[in-house]
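S.K.: structure for this input, please:
(chains A and B)
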2 protein chains.
Amino acid sequence: MRNFEIELQNLGKKIEKALDNYLPKADEYPPKIHEAMRYSTFNGGKRIRPILTIKAAELFDLPGEKVIPTACGIEMIHTYSLIHDDLPIMDNDDFRRGKPTCHKVYGDAIALLAGDALLTHAFRTIAKNAQIEGISLQAVIEVIDKVSLAAGSLGMIGGQTIDILSQGTPIDEKTLFYMHNHKTGCLIQASLWAGARLAEAPVSDLNKLDELGEKIGLIFQIVDDILDVYGDEKKLGKPVGSDKRNKKNTFPNIFGYENSIRLVKTLSEEAKEIVSDFKNSGFFMQLIDFLIERQY
Amino acid sequence: MRNFEIELQNLGKKIEKALDNYLPKADEYPPKIHEAMRYSTFNGGKRIRPILTIKAAELFDLPGEKVIPTACGIEMIHTYSLIHDDLPIMDNDDFRRGKPTCHKVYGDAIALLAGDALLTHAFRTIAKNAQIEGISLQAVIEVIDKVSLAAGSLGMIGGQTIDILSQGTPIDEKTLFYMHNHKTGCLIQASLWAGARLAEAPVSDLNKLDELGEKIGLIFQIVDDILDVYGDEKKLGKPVGSDKRNKKNTFPNIFGYENSIRLVKTLSEEAKEIVSDFKNSGFFMQLIDFLIERQY
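M.R.: Purely as a prediction, here's the structure:
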């Protein structure tokens, strides 16, 4: 496990270097907006989504560097979603990964605009993948379509909408799964799909990655929910118990702790079975274990 | 002029039909977000930006229908920017075009998400232009890059950032021009550029359209500023005087009414000179007159 975490960290550093390269510099005019965009981007994230894009490309023998623009674009979309989620008109969270959230530092208006700007810049960054040798323009266009669908009102934003509308009202099992599949799963699916599509993977394999993405997304979200109840505030970098305070519908709240743990185990077995169909699946096997055992 | 307004209205109707087609239906799950996206999209806008895209394509002999997805994507970006601008954490406007603003109807959180969703969906919609016969994938990729740059922190959002940061503080002439060129001009430039690029216009002409877009953007914004002081509330569909209340830096505030009118006239002459270089420039000549004489 220790070696695997080092591998993740090294991949994370590579992505951060690329993000630094693709984002406007902090002193570009008007500096305030670029500072805010960078503040939230370089905030100690695990970079799971861009890592999935890189590793999905490598599963189909395309070197990971070839998909870095797309990987960075997806991370920008993830970052924007966190900035907007933290706003007082949404979840009203003051801390993330041990630091004050964007609007606590820059004010609500600039935080709103910084989120908008990251989302906007993401598509330019993904489009830059078309300049990389050996990448087909058709694949880039399809990736833009897939990422936009996954991040939009039929994907991530659809999940956030249910999250907002259902606060304080218990929801049924089906709605809970819809909410988490969309809030977290869709962008994770798109991260995998994008890397594989740029590597010209066949449709049957793209469909398998969509299934894998759904499992990984749910594992990720259920573990998140569990950590919000039973986690260590120091390791998490934010206060626990915020879901309960916001009367959120979460897995432990609806199914209980034991059942949530059982669900994560089943999902991880199913995910590993999908992964076992691919050659060179070692990374993904370890990643699934990491996602279950993570404490932050 | 009357005939020209009818032409604008007919083009607007064509665009609205296409927007209806490209947006998720109002009853798609979760319906609340799709209702909010549609509420703000179908709110009586003039559709100037998508009309510019269509007419710029026709300037280079590409039928306007061939660029409809891009035209619609740009209008979605314009609509998202209005929803976010109207939020209480930004300009806090309750009315737009005679109707309550998105957050007054759906609440702040759903309005925020509806704006995010329109921005996200815009890029998918532009990407759909790649499916239209005779359009090159390279042109679509470049349009995505141009639109993203124009709408982002180095474009429209850069202008909004200065607008927010300078409220209540007088700014110099250079900053005022930066603010308006970016807040309004950049997306208008991109609207023209996109239509012409999809029509495979030569680079020298694309550069001319960028110049024209800058002039049209400034005319548009100065007239907007003037109408906010001297306009008719009924025709505008919103209360006048909001710029003064929000202590905004506007052209009439900084240069005075007479000088602002003079500036609009100079800009329109310069714009017409650029337009006169193109054959079939009749539409643009009339549009420039319309933008100066408009009362809403």
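S.K.: look up how far residue A:171 lies from the closest residue to residue A:231 other than its chain neighbours.
M.R.: The shortest distance from residue A:231 to any non-neighbouring residue, by Cβ to Cβ, 6 or more residues apart in numbering or on different chains, is to residue A:240 (5.3 Å). All C-beta atoms are positioned from the backbone trio N, CA, C, and that covers glycine. Using Cβ to Cβ, to the nearest Å, residue A:240 is found at 22 Å from residue A:171.
S.K.: tabulate the CA atom coordinates of the helix or strand where residue A:174 lies in PDB.
M.R.: Assigned by DSSP states H and E, residue A:174 falls within helix A:173-180. Provided in PDB are the C-alpha atoms of helix A:173-180 (Å, rounded to 0.1, in the frame of the first residue of the first chain):
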ATOM      1  CA  GLU A 173     -33.200   4.100  -2.000                       C
ATOM      2  CA  LYS A 174     -33.600   4.700  -5.700                       C
ATOM      3  CA  THR A 175     -33.300   8.500  -5.400                       C
ATOM      4  CA  LEU A 176     -30.200   8.000  -3.100                       C
ATOM      5  CA  PHE A 177     -28.500   5.900  -5.800                       C
ATOM      6  CA  TYR A 178     -29.500   8.400  -8.500                       C
ATOM      7  CA  MET A 179     -28.100  11.300  -6.400                       C
ATOM      8  CA  HIS A 180     -24.700   9.700  -5.800                       C
END
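S.K.: pull out the buried residues from it.
M.R.: Within helix A:173-180, the residues scored as buried using 16 or more other Cβ atoms under 10 Å in any protein chain shown are A:175, A:176, A:178, A:179, A:180.
S.K.: restrict those to those near chain B?
M.R.: residue A:178 (Cβ under 8 Å from any Cβ of the partner chain).
S.K.: residue contacts, the residue nearest to residue A:231?
M.R.: Neighbouring residues of residue A:240 by Cβ atoms under 8 Å, 6 or more residues apart in numbering or on different chains: A:227, A:228, A:229, A:230, A:231, A:233.
S.K.: these two touch, right, residue A:44 and residue A:97?
M.R.: Yes: Residue A:44 is within contact range of residue A:97, at 4.7 Å (criterion: Cβ atoms under 8 Å).
S.K.: what touches both of these two?
M.R.: By Cβ under 8 Å, 6+ apart, residue A:44 and residue A:97 have these common neighbours: residue A:237.
S.K.: on that earlier part again, can you redo the contacts of residue A:240 as JSON lines with pLDDT and neighbour count?
M.R.: Listed next are the contacts of residue A:240 as JSON lines, based on pLDDT from 0 to 100; neighbours: other Cβ atoms under 10 Å in any protein chain shown:
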{"residue": "A:227", "pLDDT": "90", "neighbour count": "18"}
{"residue": "A:228", "pLDDT": "85", "neighbour count": "20"}
{"residue": "A:229", "pLDDT": "83", "neighbour count": "16"}
{"residue": "A:230", "pLDDT": "78", "neighbour count": "11"}
{"residue": "A:231", "pLDDT": "77", "neighbour count": "18"}
{"residue": "A:233", "pLDDT": "76", "neighbour count": "12"}
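S.K.: mind putting those in JSON lines, secondary structure included?
M.R.: Formatted as JSON lines, the contacts of residue A:240 follow (DSSP: H, G, I helix; E, B strand; the rest coil):
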{"residue": "A:227", "secondary structure": "helix"}
{"residue": "A:228", "secondary structure": "helix"}
{"residue": "A:229", "secondary structure": "helix"}
{"residue": "A:230", "secondary structure": "helix"}
{"residue": "A:231", "secondary structure": "coil"}
{"residue": "A:233", "secondary structure": "helix"}
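S.K.: what is the nearest of these to residue B:21?
M.R.: Nearest to residue B:21, judged by Cβ to Cβ, of these is residue A:228 at 41.3 Å.
S.K.: so which helix or strand takes in the closest residue in space to the closest one that isn't next to it in sequence?
M.R.: Nearest non-adjacent residue to residue A:228, counting by Cβ to Cβ, 6+ apart: residue A:243, 4.7 Å away. Counting by DSSP H and E, the element that carries residue A:243 is helix A:242-245.
S.K.: try residue A:189
M.R.: Here residue A:189 sits within helix A:186-198, counting by DSSP H and E.
S.K.: from the chain's centroid, how far away is stretch A:167-179?
M.R.: Distance of stretch A:167-179 from its chain centroid, counting by Cα atoms, centre = their mean, to the nearest Å, is 21 Å.
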